[in-house]
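Asker: the following comprises the amino acid sequence and a computationally predicted model.
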Amino acid sequence: MTTHAWLDVSAGVAGDMLLGACVDAGASLPAIESVVRAVVGPAVTLRAATALRGGQRATKVEVLLEEPSPPHRTWRSIHADLLAADLPAWTREKAIATFGALAAAEGRVHGVEPDHVHFHEVGALDAIADVVGTCEGLRQLGVGAVTASPVALGEGRIRAAHGDIPVPAPAVAQLAIGWQVRAFPGAGWAHEHEHDDAAHTHEHGHSHDAPHSHDAPHSHDHLHEGPAVVTTPGAIGELATPTGMALVRALATACGPLPPMTLTAVGVGAGSRDAATHPNVVRLLLGTPADASTSRAIHELRANVDDMDPRLWPGVLDALLAAGAVDAWLTPILMKKGRPAHCLSALAPPDRADDVAEAMLRHTTTLGVRTAAAERVVLQRGFTTLTLDGEPVRVKVAHREGRVASAAAEFVDVQRVASTLSTPEREVLARAEAAIVAAGWVPGAALPGPLDDPPSGGPASTRA
């Protein structure tokens, strides 16, 4: 199972902070530097050091450039460099997606096609190091999926290459469309604090006023991301940079809280400033996702129905299972005035409870659905396959601590084999049970062989 990464960007995000979090979580900085140099050559050196931000230890990664003012690059040229470089496929794919998102945002801001957007070369080298380095760091850590928290963007106005601009910067605002955002870290901001050192937002120490050509459209949203001067007295300034926001949008598939998983590592990446009001860090939490079939957390959903044709119930139960329920059933009840009715019940993982509730409302006549959070204790389960007269029959095996708890043939397979062989179902079932015992899948025995994972969804995979 691949590692899941959750990005805590609730205090803001910048490219070097994400890179620092990867290194802090265990990614190899020399290996990352080698991959970055495959794109930009030896002009870039990466250096990591321990830093304190709001009293928290973190890793600060700096990108050191040998060329102080090289020429400009377009997104088209950066794209070509990424394609030509000898990079791991996952790293290349995510880096291209990130720079593509940046170019699309800048193109929208300036009213030009993304291929025509010019990035300052100093900034391009910095950004390439941050983007390629972060993508490679996540690849080294075995990350297969990424989600992230809402992003703090900041407030006020800052001085950029084209003058005084509002926060969030135009490209950041474009990149944030569709994502949950807030102005301040946490629940709010204490305005009585001094704010001169509050804005973390920038990975590297390059000036926003670096000279540039006006021959072609280019980013005025400081892709090179040197420390921006906050021009609004008392304001927090910028907390999310274009590179940081682009990485979040290109890498993360969803915005939400920390998902259920078994944590394996935590990385903390430091921003450039040590803010007086909050730890200026990005956190990277790595773990193994919780298996929905064995997770203790569960939601129970119920609805009382007294006015449906009973012939519809089998289809309703199938619809709930298709919507993500791990089990669904009916219980006969008596309602007011002695009317016979059914209580429709379902169990669903927390992240599928809304879908199952929607299925209940859609497929029945109920006017409402009751939900309650609960916990369950379940056995691990998997599948093996036995053969009866050349026909495969799946066997669901429940087990604990390496020993069989129970094993049963999937009845749909019994029905199929009975139909194929023109044999009564009870005979096929008896033969399947005998084959299970003969194969050693008996309660209390050590698992006699490997098991396949349960299929996703459907009644065969989840009953609990």
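Answerer: Looks like it came in fine. Every value quoted in this text rests on a predicted model; they were computed, and no experiment measured them. Numbering: from 1, shown residues only.

Asker: can you tell me the strand partners of the host helix or strand of residue 298 and which way each runs?
Answerer: Element membership for residue 298, per DSSP states H and E: strand 297-305. Here strand 297-305 has these sheet partners by DSSP bridges: strand 340-348 (antiparallel), strand 370-375 (antiparallel).

Asker: buried ones in whichever helix or strand comes after that strand?
Answerer: Tracing the chain past strand 297-305, the next element assigned as helix or strand by DSSP H and E is helix 313-322. Judged by neighbour count (16 or more other C-beta atoms under 10 Å), helix 313-322 contains these buried residues: 313, 316, 317, 319, 320, 321. All C-beta spots, glycine's among them, are computed from the backbone N, C-alpha and C.

Asker: the residue nearest to residue 341 when sequence neighbours are not counted and residue 82: what is the separation?
Answerer: Spatially, and ignoring its direct neighbours in sequence, residue 341 is nearest to residue 306 (3.5 Å; C-beta to C-beta, 6 or more residues apart in numbering). Distance of residue 306 to residue 82, computed by C-beta to C-beta, to the nearest Å: 62 Å.

Asker: so between those two, which is more surrounded?
Answerer: Applying other C-beta atoms under 10 Å to residue 306 and residue 82 shows that residue 82 carries more neighbours, namely 22 against 15.

Asker: next one: the more buried one from residue 39, what distance?
Answerer: Going from residue 82 to residue 39 by C-beta to C-beta gives 6 Å.

Asker: and residue 150, by the same measure?
Answerer: Taking C-beta to C-beta as the measure, residue 150 falls 31 Å from residue 39.

Asker: look at those two and report which has more neighbours.
Answerer: More neighbours surround residue 39 than the other of residue 150 and residue 39, with 23 against 15 (other C-beta under 10 Å).

Asker: same for the helix or strand hosting the more buried one, what does it pack against?
Answerer: In the assignment (DSSP H and E), residue 39 maps to helix 29-40. For helix 29-40, the packing partners by 3 or more C-beta pairs under 8 Å, 6 or more residues apart in numbering; DSSP states H and E come out as helix 15-24, strand 44-53, helix 75-84, helix 121-140.

Asker: any chance of the ones you listed in a markdown table, plus distance to residue 411 and mean pLDDT?
Answerer: Shown next, in a markdown table, are the helices and strands packed on helix 29-40 (distance: least, C-beta to C-beta, whole Å; pLDDT from 0 to 100):
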| stretch | distance to residue 411 | mean pLDDT |
| --- | --- | --- |
| helix 15-24 | 48 | 96 |
| strand 44-53 | 58 | 94 |
| helix 75-84 | 53 | 90 |
| helix 121-140 | 44 | 84 |
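
Asker: from memory residue 170 sits against residue 109, does it?
Answerer: Yes: using C-beta atoms under 8 Å, residue 170 is in contact with residue 109, at 4.3 Å.

Asker: ok, for residue 428, nearest residue in space, not its chain neighbours?
Answerer: Of all residues not flanking residue 428 in the chain, residue 418 sits nearest, at 4.5 Å (C-beta to C-beta, 6+ apart).

Asker: buried stuff in the top helix by length along the chain?
Answerer: Determined from DSSP state H, the single longest helix within the chain is helix 89-110. Within helix 89-110, the residues that count as buried by 16+ other C-beta under 10 Å are 91-92, 94-110.

Asker: report the contact partners of residue 15.
Answerer: With contact set as C-beta atoms under 8 Å, 6 or more residues apart in numbering, residue 15 has these partners: 126, 127, 130, 131, 134, 203, 225, 241, 243, 244, 247.

Asker: quick one: it and residue 141, what's the gap?
Answerer: Distance from residue 15 to residue 141, counting by C-beta to C-beta: 17 Å.

Asker: just to revisit the earlier point, dump the helices and strands packed on helix 29-40 to CSV, plus distance to residue 390.
Answerer: Output for those, formatted as CSV (distance: least, C-beta to C-beta, whole Å):
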stretch, distance to residue 390
helix 15-24, 52
strand 44-53, 60
helix 75-84, 50
helix 121-140, 44
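
Asker: hey, which of these is tucked in deepest?
Answerer: Most buried of these, by mean neighbour count (mean count of other C-beta atoms under 10 Å): helix 15-24, with a mean of 31.

Asker: that one vs helix 29-40, what angle?
Answerer: On the basis of axes from the mean of the first three to the mean of the last three C-alpha atoms, to 10 degrees, helix 15-24 is oriented at 140 degrees to helix 29-40.

Asker: tell me what angle the helix holding residue 39 forms with strand 44-53.
Answerer: Between helix 29-40 and strand 44-53, the angle comes out at 130 degrees (the same axes, to 10 degrees).

Asker: in the stretch 101-250 of the chain, which spans are strands?
Answerer: Here the stretch 101-250 of the chain has its strands, by DSSP state E, counting those that start in this stretch, at 118-119, 143-148, 151-152, 154-155, 157-160, 163-166, 181-182, 229-230, 237-238.

Asker: kindly state which of those strands is positioned closest to residue 20.
Answerer: Evaluated with C-beta to C-beta, the strands of the stretch 101-250 of the chain place strand 143-148 nearest to residue 20, the distance being 15.9 Å.

Asker: OK, contacts around residue 8?
Answerer: 148, 149, 258, 282, 283, 284, 285.

Asker: where does the stretch 151-300 of the chain have low pLDDT?
Answerer: Scanning the stretch 151-300 of the chain for pLDDT under 70 picks out 160-162, 186-228, 230-232, 234-235, 291-295.

Asker: low pLDDT regions in the stretch 301-450 of the chain?
Answerer: For the stretch 301-450 of the chain, no range has pLDDT under 70.

Asker: ok, back up a step: now do the SS call for the residue nearest to residue 428.
Answerer: Of the three states, residue 418 takes helix under DSSP: H, G, I helix; E, B strand; the rest coil.

Asker: surely it is in contact with residue 425?
Answerer: Yes: contact criterion C-beta under 8 Å: residue 418 and residue 425 qualify, at 4.4 Å.

Asker: neighbour count winner among these two?
Answerer: Higher neighbour count among residue 418 and residue 425: residue 418, with 18 against 13, using other C-beta under 10 Å.
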